[in-house]
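K.L.:
here is a sequence with its predicted model. Questions after.
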Amino acid sequence: MYQGAIFDLDGTILDSMGVWREIDAEFLGRRGFTVPPDYLEAITPLGFDRAAEYTIRRFSLPESREAIIREWYRMAEDAYRYRVKLKDGAAKWLEKLKRQRIPLAVATSSDEALFVPALKRTGIYDCFDAFVTVKEVARGKGFPDIYEKAAGQIGCRPDQCVVFEDILAGVRGAKMGGFCAVAVYDEDSADEEQALREAADYYIYGYRELLEGRPELF
């Protein structure tokens, strides 16, 4: 039985990946590009700074990193503040863990200016004891850095924590650090299901499974 839980947000707790599909299509479309099939997968683990740098390099854009980030913020802010919803069963699962006094942390590639309004509006902000973003660590989600920092902030060792992630890079990074990894189904990572199953300790289609004790982790 584990003593702490670390959650990704986009695609894991927040049903928000569709927002980023729309943003990518609009942002690149304005510049005459269609979205490459591997683009969202490439930038999702990186955080805003590294994702902007990657985008500039890949498409030879003349804008600065700061200008691109500002544009992304403007496009995403309304959706996170007013429209992004929680994934089914997520709130009940978090509330159950809090009742069991399990410390909870967020480990996300998103930014506080976006996710904090969404978590407060959906009523789950106070469930979490710590928040860590990829801009606070040296490497992105293909490495254990962010999960190690989150575990430290909730007073747990990696082998005492479960990491919940929807992307393959996140699952692999968590496993590299010695964490138990639960892969959570999301439409945008559905084509990676087999790889996620092989990389993770457990794969779930939704939090109802956990609420029913499948698997029993805490």
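P.N.:
The structure has been received and is ready for your questions.
K.L.:
so where do the helices sit in this structure?
P.N.:
For the chain, the helices defined by DSSP state H cover 17-29, 39-43, 47-59, 65-78, 90-99, 112-121, 145-153, 168-176, 193-199, 207-211.
K.L.:
can you say which of these is nearest to residue 130?
P.N.:
Of all the helices of the chain, it is helix 145-153 that lies closest to residue 130, at 3.7 Å by CB to CB. Using the backbone N, CA and C atoms, a C-beta is placed for each residue, glycine as well.
K.L.:
so which bits of that closest one are buried?
P.N.:
Of all the residues in helix 145-153, those buried under the rule 16 or more other CB atoms under 10 Å are 145, 146, 147, 148, 149, 150, 151, 153.
K.L.:
from residue 177, how far off is the first one?
P.N.:
Using CB to CB, to the nearest Å, one obtains 8 Å as the distance from residue 145 to residue 177.
K.L.:
kindly report the same for the fifth one.
P.N.:
Residue 149 sits 10 Å away from residue 177, taking CB to CB as the criterion.
K.L.:
residue 22: neighbour count?
P.N.:
When neighbours are defined as other CB atoms under 10 Å, residue 22 has 13 of them.
K.L.:
what's the answer for the one 4 residues further on, then?
P.N.:
Residue 26 has 12 neighbours, counted by other CB under 10 Å.
K.L.:
OK, contacts around it?
P.N.:
By CB atoms under 8 Å, 6 or more residues apart in numbering, the residues touching residue 26 are residue 75.
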